[in-house]
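Undergrad: from the sequence below, what's the structure:
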Amino acid sequence: MLPRDKEPALRHLVEVFLAENAKLNLSSLRTPDAAWTGHILDSIALLEILPFLEEKIRTQKLNRLLDIGTGGGFPLLPLAIALPETQCHGLDATGKKIFAVKRMLKEIHLSNVSRHTGRCEELAHDPELRATFDVVTARAVCGIAELLEYAIPFLRPHGCLVLWKSLSAGEEITQSAHAQKVLLAPLIHHHRYELPEPFGVRQLLVFQKEHPTDPRYPRPVGVPKKSPL
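TA: Residues are numbered from 1 along each chain as shown. The predicted structure is shown next:
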């Protein structure tokens, strides 16, 4: 679902990203074609379910989005380009990655992106961030149970978590059942989409936050990874 009017800006993002990637090794995708498919088209797959998300979050539009583990800026930057009226936030624990995103923002002239350096276990307890987002995204970060604990506290009630996962994530989904129950955030939707080869068919998983999150979550730094719910 490529917004044709946004394609020039997205192509420019590829150029800027590849220049940054040559310096910092942010990604193994090092050619324009690979980065276009594996980063841009993969990121904007979310646009295919945007009407569904807006219906579920009970707003006329997606106002605030947080991308956790944003790394080199995906899906954060393509979504910020495609959704200029959405306030997009990127969070990563690695400062050099957030600084890379900052440098790319200067090149692509986006004004709807904010950056946060730190751990989800800590920032999710910040009252300026906790329970303030309509949608949280995470792409290629960690296991589902762990991600749920990191992400759900950032969402306001009825907000949705969107995870990029392979089709082989069935066991992860099963193992996350307890986390879904504890965090009051069930899986409500699978969305399959197809990218050009060699990337193939992938899926987006959507979890919806039904009620406010217990203030105990997320647990202290390192605990969700060591002992997933």
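
Undergrad: remind me, longest strand of this structure?
TA: strand 155-165 (DSSP state E).

Undergrad: buried set for the next helix or strand after that strand?
TA: Per DSSP states H and E, the first helix or strand lying C-terminal to strand 155-165 is helix 170-175. By neighbour count on 16 or more other C-beta atoms under 10 Å, the buried set for helix 170-175 is 172, 173. Just so you know, the C-beta spots here come from the backbone N, C-alpha and C atoms, and that holds for glycine as well.

Undergrad: kindly report the same for stretch 86-93.
TA: Residues 86, 87, 88, 89, 90, 91, 92, 93 are the ones in stretch 86-93 that count as buried (16+ other C-beta under 10 Å).

Undergrad: quick one: average pLDDT of that stretch?
TA: Stretch 86-93 shows a mean pLDDT of 97.

Undergrad: now, which of the buried residues of stretch 86-93 sits nearest residue 160?
TA: Closest approach between these and residue 160, by C-beta to C-beta: residue 86, at 13.6 Å.

Undergrad: and the helices in this structure?
TA: In the chain, the segments counted as helices under DSSP state H are 7-24, 32-35, 42-43, 50-57, 76-82, 95-108, 120-123, 144-151, 170-175, 177-182, 223-226.

Undergrad: so which of the ones you listed comes closest to residue 195?
TA: Closest to residue 195 of the helices of the chain, according to C-beta to C-beta: helix 42-43, at 6.2 Å.

Undergrad: I'd like to know which elements that closest one is packed against.
TA: If contacts are counted by 3 or more C-beta pairs under 8 Å, 6 or more residues apart in numbering; DSSP states H and E, helix 42-43 sits against helix 76-82.

Undergrad: before we move on, back to that, I'd like to know which elements the longest strand of the chain is packed against.
TA: Secondary-structure packing of strand 155-165 (3+ C-beta pairs under 8 Å, 6+ apart): helix 50-57, strand 133-139, helix 144-151, strand 200-208.

Undergrad: ramachandran angles for residue 110?
TA: Residue 110 adopts backbone torsions of phi -100, psi 140, taken as degrees, to the nearest 10.

Undergrad: dump the residue contacts of the nearest residue to residue 49 once chain neighbours are set aside.
TA: Nearest non-adjacent residue to residue 49, counting by C-beta to C-beta, 6 or more residues apart in numbering: residue 191, 5.0 Å away. Residues near residue 191 by C-beta atoms under 8 Å, 6 or more residues apart in numbering: 45, 48, 49, 52, 203, 204, 205, 206.
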